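*Asks:* just the structure for this:
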Amino acid sequence: QVQLVESGGGLVQPGGSLRLSCAASGNIFSIYTMDWRRQAPGKQRELVASITSGGSTNYTDSVKGRFTISRDNAKNTVYLQMNSLKPEDTAVYFCNAEVLSSLAIPPRRYWGQGTQVTVSS
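*Replies:* From the prediction side, this is the model:
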């Protein structure tokens with residue numbers, strides 16, 4: 001089994017910054033793509049940013065130039081640096097990772113429990 005634990009959420013004023021972290025632990029042989037996704041009240045969960053094991057990144061248009069995703073493969077950890085935050089960034093942010101636990105079974109995706117980010121004055 002694999003666990004993903006997020007941290008770093010909170011309340012911040014518009015224009016402020018937060019850094020989210022997500023640490024994976026458990027039965028891990030290798031981690032492929034790691035994502036950050038968010039879900040605002042009454043809206044569908046959306047992909048915010050993703051990063052491959054090689055470091056290639058992808059962002060949804062609304063966060064380009066403001067958010068930066070990174071990872072530390074030695075620590076099995078992914079980060080999301082969020083700058084110039086806006087009220088519309090308010091959501092629960094979830095970490096998602098595609099994990100290979102053994103060469104004998106296919107990789108599967110795991111979710112963290114989510115961390116609340118609220119941008120408000």
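*Asks:* what kind of secondary structure is the residue most central in space within the chain in?
*Replies:* When C-alpha atoms, centre = their mean is applied to the chain, the residue found nearest the centroid is W36 (2.6 Å). When classified by DSSP: H, G, I helix; E, B strand; the rest coil, W36 comes out as strand.
*Asks:* how confident was the prediction at L11?
*Replies:* At L11, the predicted lDDT confidence score is 97.
*Asks:* contacting residues around it?
*Replies:* 118, 120 (C-beta atoms under 8 Å, 6 or more residues apart in numbering). Placement of C-beta: from N, CA and C, glycine included.
*Asks:* about what we covered before: can you pull the contacts of the residue nearest to the centre of the chain?
*Replies:* Per C-beta under 8 Å, 6+ apart, neighbours of W36: 20, 22, 47-50, 69, 78, 80, 93-96.
*Asks:* then G15?
*Replies:* Counting by C-beta under 8 Å, 6+ apart, G15 makes contact with 84-85.
*Asks:* over to the one 10 residues further on?
*Replies:* Taking C-beta under 8 Å, 6+ apart as the contact definition, S25 lies against 2-3, 5, 76.
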